[in-house]
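>>> Below is the sequence, then the predicted model.
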Amino acid sequence: QCPTTTEDREKMEVIPYRSAIGSIMYAMLCTRPDVCLAINLEGRHQSNPGVDHWTTVKNIPKYLKRTKDMF
C-alpha cells in the first residue's frame, strides 16, 4: 500500500526505489523478459511507493539470482 502518514512518506524518501526499478528494467530489457510484469506493476508506484512495494522490488533481484541458469 502507498504510505498514508507523513512518517511513512519520510521513511520511503531515503530508499532508492526509482533507482532499483531502473536497474532491474535494464536487466529485463537486455536479458530477462520474464520479470516484465513484476516491473510493470511495481513501476506504477514510483511517485508514492510504500514499504510493501519496496519489499517486492527487493525480491526481484533474488528471483533473478535463483533463476539465472534457466535462461
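Received the coordinates, thanks. Please read all numbers here as calculations on a predicted model, not as lab measurements.
>>> So for the helix or strand harbouring Y63, what gets flagged as buried?
Y63 is part of helix 51-66, with elements assigned from DSSP states H and E. Within helix 51-66, the residues that qualify as buried are 53-54, 57, 60, 64, counting by 16 or more other CB atoms under 10 Å. Using the backbone N, CA and C atoms, a C-beta is placed for each residue, glycine as well.
>>> Which elements pack onto it?
Packing contacts for helix 51-66, counted by 3 or more CB pairs under 8 Å, 6 or more residues apart in numbering; DSSP states H and E, involve helix 6-13, helix 17-30, helix 36-43.
>>> how about the ones you listed, which one is nearest K68?
helix 17-30 (10.5 Å; CB to CB).
>>> Tell me the helices and strands packed up against the closest one.
Against helix 17-30 (3+ CB pairs under 8 Å, 6+ apart) you get helix 36-43, helix 51-66.
>>> distance of the residue nearest the centre of the chain from K11?
With distances taken as CA atoms, centre = their mean, the residue of the chain nearest its centroid is V57 (2.8 Å). Separation of V57 from K11 (CB to CB, to the nearest Å) stands at 15 Å.
>>> Kindly report the same for Q46.
From Q46 to K11 the distance is 16 Å (CB to CB).
>>> same thing with T67?
From T67 over to K11 (counting by CB to CB), the distance is 31 Å.
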